[in-house]
Structure formats: structure tokens, C-alpha cells
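**Q** Sharing a model that was predicted from the sequence below.
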Amino acid sequence: MRCHYEVLELEHSADEAAIKKAYRRSALLWHPDKNPDRKEEAESRFIEVQAAYDVLSDKHERAWYDSHRDAILRRSRAEADAGDAFPGGRPPPDEPDLYPFFSASCFSGYNDGSKGFYTVYAGIFATLAEQEAAARARSGRAGEGAAPAPGFGAAGAAWDDVLAFYAHWQGFSTAKGFAWADQYNPGAAPNRKVRRLMEADNAQRRSARRREFNQTVRELAAFARKRDKRVAAWQAAQAQLRLDRQAAEQQRRDAERQERAARAASYQEAAWVDRGEDTGGSSASEGSTSDSGADEAAEAAAAAGELYCLACDKLFRSANALANHQRSKKHAEHVAALREVMEAEDQEEEEPPARLKG
């Protein structure tokens, strides 16, 4: 496996714009369609370019890669043992090396084949689950978390199983003791003080190894999740559901808006019809006793679609303004005065004329 910076021909200090530019250049250079004479090599290099960009374009993954680059690039456990990767002690032979799995080169295709994505990651997480179960048994905590850890599953696994897997491993906490990380043997201490110092140093080393291992397993789960096509399919389905809900909600709001507009139009038409009938009846009954100026103003207002108060001889711009006016004290006084005048006129019309004497 080559360094991602080397694949894209970048400096370690390259910014986001430089990474994008280098990716486009390399992808164009190694695209299989551009290299028909060496298609097999081009396909391999193109996959390598895409994998490098996936890591370096993600700030979180890039930070993890930068801090563990030497371990990820180490090709074998022999090389690790020859260096200073484990200064406090040697890990047991069955301790899995997780760093090679932080690369798309560890699998071939997103399928269930022997080298497929789902087979490769199912295998490494199954190994981790077995070791955790054994560690709990050795420490006398076999009853804690007795349920087996969720497996990675195949390409067609149900979403609930996929969700359970990532929920478990992205919140992973190991049960291992990491006694192999001890640098000193307290039993060989010359006195109590030295023994306590040795024990304290060993405890710090174990704690550091535990934190590093927990973080590595969680990062590996996150690495796999980002590339898991099952997760991508679920996210796409959820996005479509959100769009469908938004479209349905918009249709509902549009229908309500149209219904309100229809009701408003119907109400206004009926109101003007009623107002026209009332105005006509009033003018007929009043005859010559009504104020001709008020009648003409009311008829003009009705014809123009305006709101008119006959008692106060006023025009209003809106129904709310007319309603507020009709609740006023001044309007009530004018209505009462108009009623008295009309009642007096009615009585005069009903009384017979007085007979002349003589």
C-alpha cells in the first residue's frame, strides 16, 4: 500500500483545494477509459486514487490517517516488531493488526465474494468479537454483555441488523487487560517504593494501550460505515422519504390555500348580493322621506364594491374597518337617532287626517 499523499502527489500540508485539484488530475490521468492499452493497471491505479481522495478529503479521516500513517503503511507484523511501534512490550501473536483494514486495497468489490467488502470486514469484526468474549471470560466478567456482538452481515442484510452492528462497534469498549504492555516486572523490584513506581508505570502503559485500541476499533467501524453501500442505500431512501413528505405537505398547504380563497370569494359575492337587496328595499320603502344624497352614496358605494354605513354616511375600505365602526358608541347613537326619525315618519303616515270643523 502506498501513502495517500504519494498517490495524489501532495505535500502533507496540502489544503482542501489542492487535494481536489490533485484528485481531478490523477483521476483523469488514470481513468480506465483514457488508458485502453494498459486497462488493468489503470483500473488498479484509479481505485488507489479514489481511496486516497476519500480519506484526505474527510477532515476526520485525514487527521486519523496522519497520526497513524506509519502503522497503516507497515506491511507486516515483522516490520512492526523490528521498529518501535510497541515500546512497552510485545503484543500476543493472535492480536489482530487493524491498520491494513483502513484501506480500500484490503477488499475487492462490494460483494460477498472471498475478497469482497462484506466478507473481509465481517471476518475482522468476528475476530474482534471472539477475542472480547474470551477476555471477559478470563477476567471473570463473562456474564457482562453476554449477548454476542452483532455481526457485520452480508450485502443483503436487513437494515436493523446493520444499524445494530454500527451502534455497537462505534461505541466499542474493550474488555482486554493489556498486561502485555507492561514494561517492568514488579516482582523484581528491590524495595516497595520501586515496586510502586513500576506498577504505576505499567498501569499508565496499559491504560494508553486500551484507549488506543478502543479508538482504533471505533475508527475502523466508522471507516467501514462510510463505504458501506447498505448505509448509502438507506440514506438515499430516507432522503427520498423526506422529499415525498415535503411534497405532500406542500400539496396540502396549496389545497388549503385554494379552499380558503374559494370560501372568501363565495362569501364576498353573497355579501354584496345581500347588501344590494337591502339597499334596494330600503330605498323603495323610504320613498321621498329618505335622504336622496345618502341613497345615492350607498348605491354608488355598492356599485363600486365599497363598504358604506348608511346611519353615519361613511365609506370604509375593508370589512374589518366597517365592523369596528359598527361597534363604536358614535355609530350606535346615529343608528338610534335614525330609528327615531323613521318611526316618527311611519306614525305620521298611519294617522288619518283631522276633520275640519264647521
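**A** That came through, no problem.
**Q** how close does residue 324 sit to residue 314?
**A** As judged by CB to CB, to the nearest Å, residue 324 and residue 314 stand 12 Å apart. In short, each C-beta sits where N, CA and C put it, glycine included.
**Q** and residue 186, what is it in contact with?
**A** By CB atoms under 8 Å, 6 or more residues apart in numbering, the contact set of residue 186 is 195, 198, 199, 202.
**Q** Out of those, give me the one that has the most neighbours.
**A** With neighbours defined as other CB atoms under 10 Å, the most crowded of these is residue 202; it has 20 neighbours.
**Q** Tell me which residues touch that one, please.
**A** For residue 202, the set of contacting residues under the criterion of CB under 8 Å, 6+ apart consists of 181, 182, 183, 184, 186.
**Q** And the pLDDT for it?
**A** Looking at residue 202, its pLDDT stands at 86.
**Q** Would you mind checking the contacts of residue 202 for buried ones?
**A** 181, 182, 184 (16 or more other CB atoms under 10 Å).
**Q** Which residues does stretch 228-247 contact?
**A** With CB under 8 Å, 6+ apart as the test, stretch 228-247 has contacts from 110, 117, 153, 155, 157, 159, 162, 166, 225.
**Q** Of the residues you listed, which is the most crowded?
**A** The most neighbours of any of the contacts of stretch 228-247, using other CB under 10 Å, belong to residue 117, which has 22 neighbours.
**Q** how about the helices in the protein?
**A** Listed in chain order, the helices of the chain (DSSP state H) span 4-7, 16-30, 39-56, 59-73, 77-82, 117-138, 159-169, 192-227, 229-286, 292-304, 319-326, 329-350.
**Q** Tell me which of those sits nearest to residue 96.
**A** helix 117-138 (5.4 Å; CB to CB).
**Q** care to break the protein down by domain?
**A** When the chain is parsed into structural domains using automatic domain parsing, the resulting residue ranges are 58-227, 293-341.
**Q** JSON lines for the ones you listed, including distance to residue 52?
**A** Below are the domains of the chain laid out as JSON lines (distance: least, CB to CB, whole Å):
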{"stretch": "domain 58-227", "distance to residue 52": "9"}
{"stretch": "domain 293-341", "distance to residue 52": "68"}
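**Q** what residue lies at the spatial centre of the chain?
**A** With distances taken as CA atoms, centre = their mean, the residue of the chain nearest its centroid is residue 239 (9.1 Å).
**Q** Next one: it from residue 187, what distance?
**A** Counting by CB to CB, the gap between residue 239 and residue 187 amounts to 61 Å.
**Q** So residue 324 and residue 314 - more neighbours on which side?
**A** It is residue 314, of residue 324 and residue 314, that has more neighbours when counted by other CB under 10 Å, with 16 against 12.
**Q** Touching, that one and residue 325? I think so.
**A** Yes: under the criterion of CB atoms under 8 Å, residue 314 is in contact with residue 325, at a separation of 7.1 Å.
**Q** Sketch out the low-pLDDT regions of the stretch 151-300 of the chain for me.
**A** Within the stretch 151-300 of the chain, the stretches falling below the threshold (pLDDT under 70) are 267-300.
**Q** same thing but 80
**A** Applying pLDDT under 80 to the stretch 151-300 of the chain flags the ranges 185-189, 264-300.
**Q** Tell me the pLDDT of residue 117.
**A** Confidence for residue 117, expressed as pLDDT, is 95.
**Q** And the one 5 residues further on, by the same measure?
**A** In this prediction, residue 122 carries a pLDDT score of 95.
**Q** Give me the residue ranges of the stretch 1-150 of the chain where confidence is low.
**A** 1, 64, 66-93, 138-147.
**Q** quick revisit: could you dump the contacts of residue 202 into JSON lines with distance to residue 172 added?
**A** Below are the contacts of residue 202 laid out as JSON lines (distance: CB to CB, whole Å):
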{"residue": "181", "distance to residue 172": "19"}
{"residue": "182", "distance to residue 172": "23"}
{"residue": "183", "distance to residue 172": "26"}
{"residue": "184", "distance to residue 172": "29"}
{"residue": "186", "distance to residue 172": "30"}
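**Q** Out of these, flag the one nearest to residue 21.
**A** Proximity to residue 21 was ranked across the contacts of residue 202 by CB to CB; first place goes to residue 181, at 42.9 Å.
**Q** where's the closest one relative to residue 347, distance?
**A** Counting by CB to CB, the gap from residue 181 to residue 347 is 115 Å.
**Q** What is the neighbour count of the nearest residue to residue 66 once chain neighbours are set aside?
**A** Residue nearest to residue 66 in three dimensions, not counting chain neighbours: residue 12, with 7.2 Å by CB to CB, 6 or more residues apart in numbering. Residue 12 sits with 8 neighbouring residues when counted by other CB under 10 Å.
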